[in-house]
Structures are given as C-alpha cells and as structure tokens.
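Colleague: Fold the stuff below for me.
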Amino acid sequence: MDFIFYTSLAAFIFLFGAIDKCIDYDFWARLVVGKSYFQTGTLFHNDFQSYGTTGEFIDHEWGSSLIFYLIQNNFGDFGLYLFKSIIIFLTVFLITKTIRLENKKIRLYFLFFFFTLQGITYNIFSTIRCQTFSFFFFALYLYILRKVQKEKNYRILWCLPLLNIVWANLHGGFAIGLITVLIFAIGEFLNKRDWKPYLWTFSVSAVTTLINPYGIKYIYFIFNALALDRVHVLEWQSSFWGINKYMLLKYKLFFFPVIGLFIYSIFKEINLKGIEKFYKSIDKTKYLLLIFMLIISIKSLRFHVFFTYSVIALCYCDFYKIFSLKLPKIIDNTKEIILCVLIFISLISHLYDYKFINTVKNGIYPVYCIEFLKLNNIKGNLLLNFHLGSYASYKLYPNNLIYMDGRYEEVYDTGLINDMADIFRCINYKNILKKSNHEIIIIEKYYPLYNALKNDKDWFLAYEDSAFGLFLLNKYKNKQFKMPTKDMKYYNSTKFDTDIDWLK
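Modeller: From the prediction side, this is the model:
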C-alpha cells in the first residue's frame, strides 16, 4: 500500500500546486537579484531601485534568488511549478520517513495527510517562495535528528553543519534548524541520554553560518530581523487574534482538534501510569519541540507549517493509536484505494487544458496603473504599498524608483514603513509627502489617502481601476494620456519582461 499512498500523495500535491496562484509579491525582487548576479558576477550590497533611505543590503535569500532565476529563465512557469511540487513532495516524504522511525510497520493513511496538509495549503501551495526551502530543510533536520536519537549513530550529525551552510544561504529560516538542534540537546539532557553530540553539532553549525557573502554582518542581521516589529506584515501576525482572527479557518480546524487530541493522549497516559512514571517515560525532546513550535505558531502564522510538520512527524503514531480500528484488511485497503482513485480522477479533470502559468491579477497587483506609467513614459519617484514595490520596480526601473518594497527588514530604514503607514492613513501626510519627494502615488481605494488626494489641489487622479487609483502631481495635468489595455492575457504573457539588464 505504500506505493499507492506515495503515488496518491504526489498526485494530490501536483493537483493543488496547479491551482491558479497569483505570483508572490517578493518574487520579483528574487528575480532581480538572480539576474543581476548572473549578469555582473556579484551581489549588490546597496539597493539601486529605491529613493527612500536605505542601508547595506544583507540578502538572506540570495541563494534562492539564483535558483529561481535560473529555473524561470530556462524553464518558465512550468519549471517553477514543477520544482515547487517536487520540493513539497520530498518534504512530506521526509515527514513520513520520520514517522516510520517510531514504528516501521505503521500504516500511512492518506486521509490524515489530506486534512493536515489542507490546513496549510495557503502557505505550501502558493507560488514558489524562499520559505519552501526552509520547510524542506526543517523536515530533513527533523528526520536526521530523530534517526540519530533512535539509532544512537551520532556520526550522522556531521552532515548538519554542512547542510546549515546551504540552508543559511537560501533563507533566514535556518535559525529554526539551529534551534531544533539545540532543543534536541536540551531534551536529551532531560532524558538522561548523551546530549553532548547535539550541543557540539549546534556549536559547529552556528559557526558555519559565517560561510556566506556577508560574513559576521549576516549574523547581526538575523538577530535584528528576529527582533524586528513587523506590525505591518500580516503573515507575521497571529492568526488567533487581531486582523487574522476570522481567517485561516482550515488551519484552525486542524489546530484545535490536534491540541485537544494531544491533551487527551497525555491525560490518558497519566491515568494509566501516574504523573511520576509518565514524566519519566515520556520523550522530553519530543515534548519540548512540540511546545516550542506551538508557541511560535500561535505568535505568527508564518510558523504554522513548522508546527504542522512537527505534529505529523512526532504525533502521527499517537493519533494512530487513538483512531486505529481493527477492520478486515480488505476493507481497510479498499477505502484507501477508493480515496486514491478519486484523487486521480480529480487530477485528470483539473489538468484538462490547464496551462500551468503563474499569474499577475488586477486587484491584487496594480497592473493597469503600472502599464499606464509605462505606456505614457511617466518618470519619477513612485510611492505605493511596500508589498507591491518589487513588482513595480521590476516593471518600471529605471524610469521610476520606488519608495520601498517587501524587503524592508533587509534594506530600508525602519522609519520608512511607519511614514508610509501615516501617509496612507492621512496622518500629517502632506508634510511627509514633501519631505520624501514623492511624485507618483498608486494607492488602494480603501485607504483614507485615496479620497484625500482626490480633494488635494497639488494632485490629480490620472487613472483608476476597480481597486487602485494613480495620482500624479499637477505638472502632468494637461498631458494627453494613452489608456492601458484591459486584456489580462497580455499582462500574463509579458509579466517577466523588464528593462533591468546590466548587459545593455
């Protein structure tokens, strides 16, 4: 049945990965870094795209940028899509291998994985992001660490410092890997087993982090980034309160039952053994890791995937004991086969005439407004929401510089994001606009600034669509403008076109 399970899992990942997704906001910045490196042979240490106050560019995702650019440039949308699907499958495959370390004969039920992965589809099945590498490496670390713990073969740990070099140059999420190793050291100490190999591995891995293009500066950057207040970024907020409290229902339908079942299993064991024997018998490493992942997942939806993968890898056997029914083997196999057949039918029907493209969507991106600026050759400093900055810069540089983009913790002065928030909310916006020499503004219509600019004598509404308004200074008011096409096929067929080219 393993063959059917893994084949169905691959089909499921292929199916959900093919659902039309709008390109991630920061992907454009990754392409710029990749293209610049392969054309110039160097990483730019200063941001050339912005007129805002910038500092030295410490890019913790530079390695991902190179990979994404190579795939996109040589294999296009389908290459990006296929690469993402393979990485996700390998990640989940490693999770199942970790489960089997606990019980080699345990049955892997597809339905369990279907529901658990559904809870984080918004994150793992979105268009390719640098975080995808962190999810994969976390699953790999977890498998290696559990294998060492179970088999006492400490020589395997030598590979983690080497893997850390790769991970640290792909994404800043490598910090989760280091913390995981440290948790294993503390847990094994509490388990009264040999903990020193894990501590040595942690120490050597921390040192190998220095093998990067920025040296010790990279370490300072990571510590500062971890402490940064990202109040303006939704994925760094909790999904249980604030603006996200009514969102991410699928994840919450996974989270609360899992917590309930976990608590139930603990009480069940305590009733059987008593508290003292329970504490002595439990794997402290497992519980410490789950508690840590639980805490960070509550704090930020960015960490939901790490918690979910930890639960699947470490608690599947516990849940299996609760729900396993002694059904006749033929019935047990038949219901799994039926589910797998339904997955394949869904896959075939979904892939019929499907073009495997990553899209830009008007309403999510200001595609018409950006095209308006290009079409009319309007030059000047462009202010728009920071998460849209990378796309605007990719499409408009060198005619237009942006104020800032989604790399704000890597590049920009921390005051820029606060000034932007004040402008959009019309808090002293006139003085801030003059101070920073903004000449063009693209703004979502739901912000107070949109209506304020419509009544401002220094600005006029040059173009608008259903979601965005484009405002220009009055010096452009008497110009005759060309209007952009509304054909989305045009925008998606030319989405990767850019004038950023260092070989010209």
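
Colleague: Show residues contacting stretch 459-468.
Modeller: Identification of contacts with stretch 459-468 by CB atoms under 8 Å, 6 or more residues apart in numbering yields 362-363, 366, 368-369, 372, 441-445, 453-454, 469-474, 476-477, 481, 483-484. To be clear about C-beta, it is placed using only N, CA and C from the backbone, and glycine gets the same treatment.

Colleague: helices or strands up against the helix or strand harbouring L261?
Modeller: Per DSSP states H and E, L261 falls inside helix 249-273. Under the contact definition 3 or more CB pairs under 8 Å, 6 or more residues apart in numbering; DSSP states H and E, helix 249-273 sits against helix 110-118, helix 121-124, helix 275-281, helix 284-299, helix 304-323.

Colleague: Between helix 249-273 and the first one, find me the angle.
Modeller: Going back to what we said before, that points to helix 110-118. Interaxial angle, helix 110-118 versus helix 249-273 (axes from the mean of the first three to the mean of the last three CA atoms, to 10 degrees): 120 degrees.

Colleague: cool, and the longest one?
Modeller: Here helix 304-323 runs at 50 degrees with respect to helix 249-273, directions being taken by the same axes, to 10 degrees.

Colleague: Just the buried residues of helix 304-323, please?
Modeller: Within helix 304-323, the residues scored as buried using 16 or more other CB atoms under 10 Å are 304-316, 318-320.

Colleague: ditto for stretch 394-402
Modeller: For stretch 394-402, by 16+ other CB under 10 Å, it's 394-397, 400-402.

Colleague: The contacts of stretch 459-468 in helices, which ones?
Modeller: 368-369, 372, 453-454 (DSSP state H).

Colleague: Quick one: neighbours of N212, just the number.
Modeller: 19 (other CB atoms under 10 Å).

Colleague: Contacts only, for it.
Modeller: Counting by CB under 8 Å, 6+ apart, N212 has contacts 168-169, 218.

Colleague: Buried among the contacts of stretch 459-468? Make that a ChimeraX selection.
Modeller: Entered in ChimeraX, the line below selects the buried ones among the contacts of stretch 459-468, by 16+ other CB under 10 Å:
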select :362,366,368,369,372,441,442,443,444,453,469,470,471,472,473,476,484
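
Colleague: Y218: what's it in contact with?
Modeller: Contact analysis of Y218 by CB under 8 Å, 6+ apart lists 58, 60, 168, 209-210, 212.

Colleague: can you put those residues in JSON lines and add secondary structure, distance to S126 and pLDDT?
Modeller: Output for the contacts of Y218, formatted as JSON lines (DSSP: H, G, I helix; E, B strand; the rest coil; distance: CB to CB, whole Å; pLDDT from 0 to 100):
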{"residue": "I58", "secondary structure": "coil", "distance to S126": "25", "pLDDT": "87"}
{"residue": "H60", "secondary structure": "coil", "distance to S126": "19", "pLDDT": "90"}
{"residue": "A168", "secondary structure": "helix", "distance to S126": "23", "pLDDT": "96"}
{"residue": "T209", "secondary structure": "coil", "distance to S126": "27", "pLDDT": "95"}
{"residue": "L210", "secondary structure": "coil", "distance to S126": "32", "pLDDT": "95"}
{"residue": "N212", "secondary structure": "coil", "distance to S126": "26", "pLDDT": "94"}
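
Colleague: which of the residues you listed tops the neighbour count?
Modeller: A168 (26 neighbours).

Colleague: hang on, isn't that residue packed against T209?
Modeller: Yes. The pair A168 / T209 is scored as a contact, 4.9 Å apart, by CB atoms under 8 Å.

Colleague: follow-up on the earlier one: in JSON lines, list the contacts of Y218 along with distance to Y287.
Modeller: JSON lines is the format used below for those (distance: CB to CB, whole Å):
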{"residue": "I58", "distance to Y287": "35"}
{"residue": "H60", "distance to Y287": "30"}
{"residue": "A168", "distance to Y287": "28"}
{"residue": "T209", "distance to Y287": "27"}
{"residue": "L210", "distance to Y287": "32"}
{"residue": "N212", "distance to Y287": "33"}
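
Colleague: from those residues, which is closest to L249?
Modeller: Of all these, L249 sits closest to H60, with 31.5 Å by CB to CB.

Colleague: The nearest residue to N244 once chain neighbours are set aside and E444, how far apart?
Modeller: Spatially, and ignoring its direct neighbours in sequence, N244 is nearest to Q237 (5.6 Å; CB to CB, 6 or more residues apart in numbering). Q237 sits at a distance of 19 Å from E444 (criterion: CB to CB, to the nearest Å).

Colleague: now stretch 270-283, how far from the chain's geometric center?
Modeller: 38 Å (CA atoms, centre = their mean, to the nearest Å).

Colleague: What average pLDDT does that stretch get?
Modeller: The average pLDDT within stretch 270-283 is 82.

Colleague: what does stretch 121-132 give?
Modeller: For stretch 121-132, the mean pLDDT works out to 80.

Colleague: List of residues touching that stretch?
Modeller: Contacts for stretch 121-132 (CB under 8 Å, 6+ apart): 13, 16-17, 19, 21-24, 26-27, 30, 61, 64, 68, 80-81, 83-84, 87-88, 91, 117, 135, 170-171, 173, 248, 250-251, 302, 304-305, 358.
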